[in-house]
Structures are given as structure tokens and as C-alpha cells.
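Visitor: Please work out how this folds:
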Amino acid sequence: MKGIVEERAVALGNHIAESGDTVRQTAKKYGISKSTVHKDVSSRLEKINPALYNEVKKVLELNKSERHIRGGLATKNKYLHLKQQKTQN
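Guide: The predicted structure is shown next:
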């Protein structure tokens, strides 16, 4: 997603607020870097649309508070998958 920076910031903010996606998921969906997404929604959006910024901030804080759980689940699934592969061989 290329174009006017302000429009991109609002589009990314709307997406995160509606879907609850993480910065990483949003970056992947829009084909841009995580740094760009983070810069757009954390600093640019605050100046462009403060109400949307506050919604996005809540979602990002929730994602941040849950990331250790997602990481633990990813590790658990990784080792379960490896264990299943060993038993199949």
C-alpha cells in the first residue's frame, strides 16, 4: 500500500481497530514493514485522527499484554509438531 502517508495511516488504524490485528499481521496484509505500520499508527495517526489513535492504542496495548501467551503457544505447538513427526517416522 503506497500513497499519501496520512491516508495510509488512517487505513492502517481503521484496520487494526476493526480487526484487532497485531502490527506484524497488519504489515503482512498490507505488504509494508512493521516499522512503517508502527510509525504510522503510533505517531502520525495521533496528529491526524486522535480518536482513532486512542482506539488503536487500546488494541496495541492488549496485543502487547498477550504476546507472551502467543509466544508460549507457538513454542508449544512447535514441539508438539516435532514430536508428531518423530512418531510418524
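
Visitor: In this protein, where is pLDDT below threshold?
Guide: Residue ranges of the chain with pLDDT under 70: 1-3.

Visitor: Next up, identify which helix or strand Gln84 is on.
Guide: Taking DSSP states H and E as the criterion, Gln84 maps to helix 50-88.

Visitor: Check which residues of that helix are buried.
Guide: Leu52, Tyr53, Glu55, Val56, Lys57, Val59, Leu60, Asn63 (16 or more other C-beta atoms under 10 Å). In short, each C-beta sits where N, CA and C put it, glycine included.

Visitor: for that helix, the distance to its chain's centre please.
Guide: Offset of helix 50-88 from its chain centre (C-alpha atoms, centre = their mean, to the nearest Å): 11 Å.

Visitor: what packs against it?
Guide: helix 5-19, helix 45-48 (3 or more C-beta pairs under 8 Å, 6 or more residues apart in numbering; DSSP states H and E).

Visitor: That helix to helix 5-19, inter-axis angle?
Guide: 60 degrees (axes from the mean of the first three to the mean of the last three C-alpha atoms, to 10 degrees).
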